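# could you work out the structure for the sequence below:
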Amino acid sequence: MDNSKKLPSNKREKVVAPNLKKQNLFETICSYGITILCFIFFGYVAIMSVLQTSEFDSANFGGEVIQFNYDDLVMNFFLLGGFFLLVFALSRYANVFKKVSDLALVVGLSVYTITLGFIWIFMAQSVPAADSGTVTQTAMEAAKGNYQSFQASNDTFYNNVSYYKIYPFQLGFVFISEIVYRIFGTTTSMPMQVFNVLALTALYIAIVAISKKLFKSKSVTFITVFMLAGCIQGILFTTFVYGNIIGIASAMWACYFVIRFMQSEEKRNYLNLLPASLLMALSVVAKYNNMIWLAAICIALLIYIIKNKKWLHFVSIAFVVLISVGSFNLVIMSYEKRSGVDLGKGVDQILYLDAGLNESAMAPGWYNDMAKSQFLNANLDNKQADTWAKTDIKERLNKFKQDSHYRNNFFSKKILSQWNEPSYESLWVSQVKGHYFGEVKENTTLYSIYNGKINKFLYDYFDFFQMITFILFAIGVAGLIKKRCSAETIMILTGLAGGFIYHTLFEGKSQYVLTYFIVMIMFSSYGLYLLVKPKNFNNNSDSEKETLGDKFKKVIFKIDSKTRQS
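Numbering: from 1, shown residues only. Okay, the predicted model is just below:
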């Protein structure tokens with residue numbers, strides 16, 4: 001929101017995705033391809049977010065059963081209209097906002113996030129359960145030199161097989177947690193929840209830094225900061241002791257250093273790839289699904305190499321991949337050596353694809369126990385389990401081909417059950433679990449957050465914030481289609497599109513896509529900028545076309561002038 005009224009037209013801030021050099025054909029094709037894909041994917045979700053909302057069935061809240069409810073369209077349009085009118089009105093005072101330095105914005109956002117995050121985790125004092133509880137217990141025991149959990153278990157749910165023979169990829173987060181528990185003790189999981197808050201803060205700072213690099217605009221940076229502050233879902237999610245937040249924070253900082261590498265003209269710009277590789281390795285170790293972001297980085301580097309004809313930089317792609325994948329494998333090997341147990345490969349991704357193409361009691365393509373059951377029924381034989389999965393996948397694809405109505409309904413509900421669930425289970429992850437202090441008492445703030453008036457307000461707010469974010473994201477991406485974005489921007493959009501495709505096909509849950517939703521905010525901020533970007537109302541010689549934002553601001557300016565005169 002810059003005030004450009006006093007600046008000549010050639011001095012005004014113009015925001016585009018960076019194009020440091022003329023695009024080649026390959027970069028142009030990639031730019032159009034990924035921006036159009038993102039516009040289609042999230043444009044659909046944006047439209048549906050106005051029409052309906054995916055919500056948890058209160059009668060089976062703990063079971064994560066999703067319901068699809070139609071929205072009050074009149075109320076949604078009223079809220080949208082009110083929001084945009086308010087933004088257009090405030091944009092007139094952009095000069096006041098412009099005086100705030102970028103550093104002050106980042107410090108303010110950091111203090112805000114840490115303060116609210118600490119208040120929340122210590123208020124909720126959530127006890128990890130299910131998979132989160134299992135990996136937490138393993139990390140605590142490993143911190144004390146106990147590796148019993150790697151041996152045969154007494155849990156009939158896993159056929160008395162060690163959890164980590166089925167899910168060895170969970171050991172990455174176990175490793176990170178073990179380090180924290182060795183330092184801060186193994187009494188509770190609160191040290192990891194504190195770490196989550198700090199990681200979320202780091203994520204927000206990374207998004208602001210990337211936004212500044214991509215759009216080179218104080219206006220977009222300012223909007224990004226305030227939209228991130230409005231993303232309360234991220235703060236509530238910090239009670240979830242898992243690798244989601246740590247993983248995405250590391251991935252975004254890895255992307256930041258890759259952007260620095262691609263935008264720098266210095267001879268030693270390749271040094272940025274070292275922190276990028278290490279951070280991407282941490283991201284994959286924390287959450288294996290972040291291989292999606294590793295793929296996005298590799299694609300961006302490939303575009304950069306072809307565009308600049310720097311063929312030796314193919315080594316950089318190999319370096320990033322080797323460090324990331326190698327670190328993950330080293331962690332598993334470390335636990336195998338310490339425990340004396342050969343863990344094997346565990347469940348292959350094709351089993352999760354099979355699960356994601358099948359029905360679930362929660363919502364289409366959500367958790368349905370298929371991957372684990374097939375693997376155990378095959379006696380941990382990957383080849384046999386994969387064969388069964390391939391057979392079932394073929395049957396499901398044939399069903400989708402023969403029954404287009406069922407196919408469309410299945411994937412529509414699967415997509416909307418994840419992306420259009422406005423809380424992204426950020427409150428659910430602690431609400432359905434135990435608390436270190438015992439039962440949540442009535443007439444307390446925490447009880448109201450979970451069950452009372454504050455809960456109702458939060459879910460209404462989540463619904464509105466989600467709707468705004470998706471609409472503005474679609475506008476921002478539409479603007480990028482016209483501008484033809486560079487490899488740096490393509491990298492972030494590829495990660496978002498990759499996450500959308502992956503969770504449309506593989507096992508899904510709304511909590512899985514929260515991290516992508518947070519990253520989307522930088523493009524939503526750009527979309528809001530495109531609507532309200534400042535322009536000199538009185539400069540008739542200006543050759544720039546009048547934007548929709550200019551027209552609205554003229555109306556507001558005239559209304560305000562008439563009000564003062566009367």
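# low pLDDT regions in the protein?
1-23, 94-96, 534-566 (pLDDT under 70).
# pop the domain breakdown of it in here.
Structural domains of the chain, as assigned by automatic domain parsing, span the residue ranges 9-534, 542-566.
# now the ones you listed in TSV, with mean neighbour count?
Where C-beta positions appear, they are placed from N, C-alpha and C, glycine not excepted. Compiled in TSV, the domains of the chain are given as follows (neighbours: other C-beta atoms under 10 Å):
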stretch	mean neighbour count
domain 9-534	19
domain 542-566	12
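# roughly how far out does stretch 211-225 sit from the chain middle?
Its chain's C-alpha centre lies 18 Å from the corresponding centre of stretch 211-225 when counted by C-alpha atoms, centre = their mean, to the nearest Å.
# and stretch 309-323, by the same measure?
The answer for stretch 309-323 is 26 Å, by C-alpha atoms, centre = their mean.
# excluding chain neighbours, what is closest to residue 396?
residue 357 (4.5 Å; C-beta to C-beta, 6 or more residues apart in numbering).
# that neighbour against residue 365, yeah?
Yes: using C-beta atoms under 8 Å, residue 357 is in contact with residue 365, at 6.8 Å.
# just the strands in this protein please.
52-56, 66-70 (DSSP state E).
# got the ones you listed as TSV, with distance to residue 155 columns?
Shown next, in TSV, are the strands of the chain (distance: least, C-beta to C-beta, whole Å):
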stretch	distance to residue 155
strand 52-56	27
strand 66-70	28
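# which one of the ones you listed lies nearest to residue 389?
Set against residue 389 and scored by C-beta to C-beta, the strands of the chain come closest in strand 66-70, at 24.5 Å.
# tell me the contacts of the closest residue to residue 480 other than its chain neighbours?
For residue 480, ignoring the flanking residues on the chain, the nearest one in space by C-beta to C-beta, 6+ apart is residue 35 at 5.0 Å. Counting by C-beta atoms under 8 Å, 6 or more residues apart in numbering, residue 35 touches 477, 480-481, 485, 493.
# ok, these vs residue 373, which is closest?
residue 493 (36.3 Å).
# that closest one and residue 236, how far apart?
Using C-beta to C-beta, to the nearest Å, residue 493 is found at 27 Å from residue 236.
# contact partners for the closest residue in space to residue 476 that isn't next to it in sequence?
Of all residues beyond its chain neighbours, the one nearest residue 476 is residue 527 (3.1 Å), with distances taken as C-beta to C-beta, 6+ apart. With contact taken as C-beta under 8 Å, 6+ apart, residue 527 is in contact with 471-479.
# at 7 Å instead, please
472-473, 475-476, 479 (C-beta atoms under 7 Å, 6 or more residues apart in numbering).
# for residue 309, state which of the residues you listed is nearest.
When the contacts of residue 527 are compared against residue 309 (criterion: C-beta to C-beta), the nearest one is residue 479, at 29.4 Å.
# hmm, the closest one is touching residue 530, no?
Yes: counting by C-beta atoms under 7 Å, residue 530 is a contact partner of residue 479 at 4.8 Å.
# ok, residue 50 to residue 82 distance?
14 Å.
# again with residue 129
Residue 129 is 40 Å from residue 82, by C-beta to C-beta.
# try residue 223
From residue 223 to residue 82 the distance is 18 Å (C-beta to C-beta).
# go on, residue 243?
39 Å.
# where exactly do the helices run in the stretch 151-300 of the chain?
Applying DSSP state H, counting those that start in this stretch to the stretch 151-300 of the chain gives helices spanning 163-166, 171-184, 190-215, 218-229, 232-236, 244-263, 273-286, 291-308.
# dump the ones you listed to JSON lines, plus distance to residue 381.
Below are the helices of the stretch 151-300 of the chain laid out as JSON lines (distance: least, C-beta to C-beta, whole Å):
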{"stretch": "helix 163-166", "distance to residue 381": "12"}
{"stretch": "helix 171-184", "distance to residue 381": "21"}
{"stretch": "helix 190-215", "distance to residue 381": "35"}
{"stretch": "helix 218-229", "distance to residue 381": "46"}
{"stretch": "helix 232-236", "distance to residue 381": "40"}
{"stretch": "helix 244-263", "distance to residue 381": "30"}
{"stretch": "helix 273-286", "distance to residue 381": "26"}
{"stretch": "helix 291-308", "distance to residue 381": "24"}
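# between these, which gets nearest to residue 372?
Among these, if distance is taken as C-beta to C-beta, the winner is helix 163-166, at 6.0 Å.
# off-centre distance for the closest one?
27 Å.
# ok, residues contacting it?
Counting by C-beta under 7 Å, 6+ apart, 134, 149-150, 153, 158, 170-171, 343-344, 346-347, 372, 375, 380 sit against helix 163-166.
# including distance to residue 329, could those go into CSV?
Output for these, formatted as CSV (distance: C-beta to C-beta, whole Å):
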residue, distance to residue 329
134, 21
149, 20
150, 17
153, 24
158, 23
170, 14
171, 10
343, 11
344, 13
346, 12
347, 16
372, 22
375, 20
380, 19
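# contacting residues for the closest residue to residue 121 other than its chain neighbours?
What sits nearest to residue 121 in space, not counting adjacent residues and going by C-beta to C-beta, 6+ apart, is residue 193, at 4.3 Å. With contact taken as C-beta under 7 Å, 6+ apart, residue 193 is in contact with 121, 238-239, 241.
# residue 149 now?
Contacts of residue 149 by C-beta under 7 Å, 6+ apart are 138, 141, 162-163.
# between those, which is nearest residue 57?
For those, the nearest to residue 57 is residue 163 (28.8 Å; C-beta to C-beta).
# how near is the closest one to residue 179?
From residue 163 to residue 179 the distance is 20 Å (C-beta to C-beta).
# which helix in this protein has the most residues?
For the chain, the longest helix by residue count, based on DSSP state H, is helix 453-483.
# gap between that one and the chain center?
On C-alpha atoms, centre = their mean, the centre of helix 453-483 falls 14 Å from that of its chain.
# between it and strand 52-56, how big is the angle?
130 degrees (axes from the mean of the first three to the mean of the last three C-alpha atoms, to 10 degrees).
# residue 454 contacts residue 446, doesn't it?
No: applying C-beta under 7 Å, one finds residue 454 not in contact with residue 446, separated by 9.2 Å.
# quick one: residue 33 from residue 527, how far?
For residue 33 relative to residue 527 (C-beta to C-beta), the value is 20 Å.
# now do residue 409
Computed with C-beta to C-beta, the distance linking residue 409 and residue 527 is 30 Å.
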